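how would this look folded up:
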Amino acid sequence: MNAPLEIIPEHLREYITEQDPSLYTPIDQAVWRYVMRVSKAFFSEYGHPLYLQGLVSTGISTDRIPLVSEMDHALRKIGWRAVVINGFIPPAIFLEFQALRILAIACDIRKLENIGYTPSPDIIHEAAGHVPIVADPDYRSYLEAYGEVARNAIITKFDLDLYDAILKLSEIKEDPSSSAEEIAKAQAHFEAIAKLEKLPSEAALLTRMAWWTTEYGLVEVQGKPLIYGAGLLSSISESYHCLSDEVKKIPFNLKASIQTSYDITRPQPQLFVAKNFQELTLALNEFADSMAFRRGGTYGLEVAKAAENTVTVVLDHGIQVTGIIKDFALDRSGEESAFTVTGTKQFSFHDQATDEIPNYAIGTEIMIPLFSAGVASADPEDLKRKLHGSGLHTKSGLRIQGHFKKEVLLGKVGRVWLLEQVKILNESGEVLFQESQKLYPLIFATKVVSVFGGAADRKNFLLKNRAPVSKVSSHKSNLTPENTTLNFLYRQVREYRDQRESNIRFLDTTVTQLNQYFPNDWLLRLELLEIYSAQDSSNIITAQLRRQLTELAEKNPTTKEMIDRGVALL
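Numbers count the residues shown, from 1 in each chain. Presented below is the predicted three-dimensional model:
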């Protein structure tokens, strides 16, 4: 069962799916068990002190893939929740979940060949990586603050293109039916998009900060760097090597972290070590002070224009205009005096959309001029006379002519006039904008207070304007026609372990079939070795399994590391 839907805002519910435990194969369960056994042994010494305690307190066991409903029940005790999502979701949506203190859990699990690391979100990354450290109250505070700040970040068109490329690459890599050609093509597409970036956006810089903290962060404990980042906690391969001298350890600082890019497909050459989690929260607040949502003004409009994506411009008195900023103008003193909005539009007041102001079609443009304080507070009847006559003058000397239709009050002081037959002219009398079909909203605002990414009323905006989210009933299965027989053998071993009173001779046939049909499978041999060596470390099958694992380890360095670590646990 998923978490109750009543805790999820309506516009986020389409991203929620269900966890179906029956889709996990016996191989999947063995992958989970191996990763957790190796992780608990390693991170008991090299992980954050709360890692092992966090696994217990959040209901994550070693022997089976956890249920998100169990994690949700455990997380409620610390004010958080967990829901099932279907793999990658748009960055802005993920951040909305985080800002609401909801962990969005992807329930797919990596394939056996990607046991050490996968760039695609999976339940090992989400459950064994992110969830345990949430038990630390200072880390939770950082996550909550990050979600609030990041959901205001302006996301550029490039960011979305890169997200789509990463999504495609990750899905293809984890799809059992993908060919080498398809993977190579997706990799090349991702690399081509990534090379296009010139100046990273607010969202990109914050993503880097998250990468070097929540994903690949180290924290100093008693003078020793320990792992807390979910990317490392869920990558038994990279975490095993990241503390060596080959990986540079840099004391965390905001500037270095946001200026350092990363490659999700390769091990990281450097990592950042935080003194504590409070340091991260302070750095996050420092970065927030540099963002358009706090600075507003000309700077905010510049960032918005460069983004070529939906933003919200907040004017004084709490009036908000959502859309794509095509251009803006300055007055003689260099302050913002007007801006032009295109794309899908929304007019709001304190994050609540109003139906009283027309939204205009996606392909149309609308100019929003700003006024001096004197004009904004002038006598309404005098302003109406000027509108109908020579025109109402803005901060930069533009002239607005039109016919007053009605007034809309947003709050106590937010004045918007709806006009007919509107023209906006420059000082030379040239028409810069006109609207003869729809009512035009004349907003009596004097300045841009803030500019943030996305819509003001996100629920209203998304439900009205986005294409329906592809709804799937559950996550995917790694079962294929090619691995069905191997899964059957894994199932026999799991059934033996679950029924400890069974005679070990039951597994002799499994060993024979494994030798006959699957000479290169190392994980099942490791599981069998664990069982046989516990019964009789000197019997023939135990010796055979050890020899076979040694031979497989000699063929492949990556496999050797996995085998050696598994054998060491015995």
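
so how far is stretch 280-296 off the chain centroid?
Relative to its chain's centre, stretch 280-296 lies at 19 Å (CA atoms, centre = their mean, to the nearest Å).

got it, and stretch 143-154?
With CA atoms, centre = their mean, you get 11 Å for stretch 143-154.

what's that stretch in contact with?
92, 95-101, 134, 201-203, 206, 209-210, 214, 281, 284-285, 287-288, 291-293, 303-304, 307, 309, 311, 451-454 (CB atoms under 8 Å, 6 or more residues apart in numbering). In this view, the C-beta of every residue, glycine as well, is placed from N, C-alpha and C.

count of neighbours near L95?
Look at L95: counted by other CB atoms under 10 Å, it has 26 neighbours.

Kindly state the pLDDT recorded for it?
Per-residue confidence (pLDDT) for L95: 82.

need the contact list for it.
Contacts of L95 (CB under 8 Å, 6+ apart): 147, 150-151.

Can I get those residues in TSV including distance to A74, neighbour count and pLDDT?
Conversion of those to TSV gives the following (distance: CB to CB, whole Å; neighbours: other CB atoms under 10 Å; pLDDT from 0 to 100):
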residue	distance to A74	neighbour count	pLDDT
G147	20	18	91
A150	25	27	92
R151	25	24	91
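
List buried residues within the contacts of stretch 143-154.
The neighbour-count test (16 or more other CB atoms under 10 Å) marks 92, 95-101, 134, 201-203, 206, 209-210, 214, 281, 284, 287-288, 291-293, 303-304, 307, 309, 311, 451-454 as buried among the contacts of stretch 143-154.

Now, these that are in strands?
Using DSSP state E, 311, 451-453 are the members of the buried ones among the contacts of stretch 143-154 that sit in strands.

out of these, which one sits closest to I60?
G453 (33.5 Å; CB to CB).

neighbouring contacts of the strand or helix carrying E191?
Using DSSP states H and E, E191 sits within helix 180-194. Identification of contacts with helix 180-194 by CB under 8 Å, 6+ apart yields 158, 161-162, 165-166, 168-169, 172-173, 265.

Quickly check these for the two that are furthest apart.
F158 and K173 (22.4 Å).

Show the subsequent helix or strand relative to the longest helix along the chain.
Scanning the chain for the longest helix, with DSSP state H as the assignment, gives helix 26-46. Going down the chain from helix 26-46, the next helix or strand is helix 51-57, by DSSP H and E.

for that following helix, what is the average pLDDT?
92.

Buried ones in it, by neighbour count?
51, 54-55, 57.

Check which element follows it along the chain.
helix 68-75.

Could I get the CA-only coordinates of that following helix as PDB?
Provided in PDB are the C-alpha atoms of helix 68-75 (Å, rounded to 0.1, in the frame of the first residue of the first chain):
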ATOM      1  CA  VAL A  68       7.900   1.700   0.900                       C
ATOM      2  CA  SER A  69       4.800   1.500   3.100                       C
ATOM      3  CA  GLU A  70       7.000   0.200   5.900                       C
ATOM      4  CA  MET A  71       9.500   3.100   5.400                       C
ATOM      5  CA  ASP A  72       6.600   5.600   5.300                       C
ATOM      6  CA  HIS A  73       5.300   4.200   8.600                       C
ATOM      7  CA  ALA A  74       8.800   4.600  10.200                       C
ATOM      8  CA  LEU A  75       9.400   8.100   8.700                       C
END
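
of all the buried residues of helix 51-57, which two lie farthest apart?
Y51 and S57, at 11.0 Å, using CB to CB across those.

Please export the C-alpha coordinates of stretch 9-25 as CSV.
The C-alpha coordinates for stretch 9-25 follow below in CSV (Å, rounded to 0.1, in the frame of the first residue of the first chain):
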residue,chain,number,x,y,z
PRO,A,9,-1.2,17.8,-3.4
GLU,A,10,-3.5,17.1,-6.3
HIS,A,11,-1.0,18.2,-9.0
LEU,A,12,1.6,15.8,-7.7
ARG,A,13,-0.6,12.7,-7.6
GLU,A,14,0.0,11.8,-11.2
TYR,A,15,3.6,11.0,-10.4
ILE,A,16,2.7,8.5,-7.7
THR,A,17,2.6,4.8,-8.6
GLU,A,18,2.5,1.6,-6.6
GLN,A,19,5.1,-0.8,-5.4
ASP,A,20,4.4,-4.4,-6.5
PRO,A,21,6.7,-6.7,-4.5
SER,A,22,5.8,-9.6,-6.8
LEU,A,23,7.7,-8.0,-9.6
TYR,A,24,11.0,-8.4,-7.8
THR,A,25,12.7,-11.5,-9.1
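
What sits closest to P91 if chain neighbours are left out?
Leaving aside its sequence neighbours, P91 sits nearest to Y163 (CB to CB, 6 or more residues apart in numbering; 6.2 Å).

Within the helices and strands, which one has that neighbour?
helix 157-174.

same deal with M367?
With DSSP H and E as the test, M367 turns up in strand 366-369.

what stretches of the chain score poorly on pLDDT?
For the chain, the stretches flagged by pLDDT under 70 are 1-6, 87, 174, 197-198, 466-474, 500-501, 537.

How far does stretch 397-416 sit from its chain's centre?
Distance, centroid of stretch 397-416 to centroid of chain: 40 Å (CA atoms, centre = their mean).

Can you give me the buried ones in it?
So stretch 397-416, judged by 16+ other CB under 10 Å, has buried residues 398-402, 404, 408, 410, 414-416.

Show me how this protein divides into domains.
The chain resolves into domains spanning 5-156+201-286, 157-198, 300-465, 484-568 when parsed by automatic domain parsing.

could those go into a markdown table alongside distance to H475?
Output for the domains of the chain, formatted as a markdown table (distance: least, CB to CB, whole Å):
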| stretch | distance to H475 |
| --- | --- |
| domain 5-156+201-286 | 4 |
| domain 157-198 | 11 |
| domain 300-465 | 23 |
| domain 484-568 | 17 |
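
Let me know the next secondary structure element after the helix or strand encompassing Q513.
Q513 is part of helix 508-517, with elements assigned from DSSP H and E. Downstream of helix 508-517, the first helix or strand assigned by DSSP H and E is helix 523-535.

now for that next one, which elements pack on it?
Counting by 3 or more CB pairs under 8 Å, 6 or more residues apart in numbering; DSSP states H and E, the packing neighbours recorded for helix 523-535 are helix 26-46, helix 484-498, helix 508-517, helix 540-555, helix 557-568.
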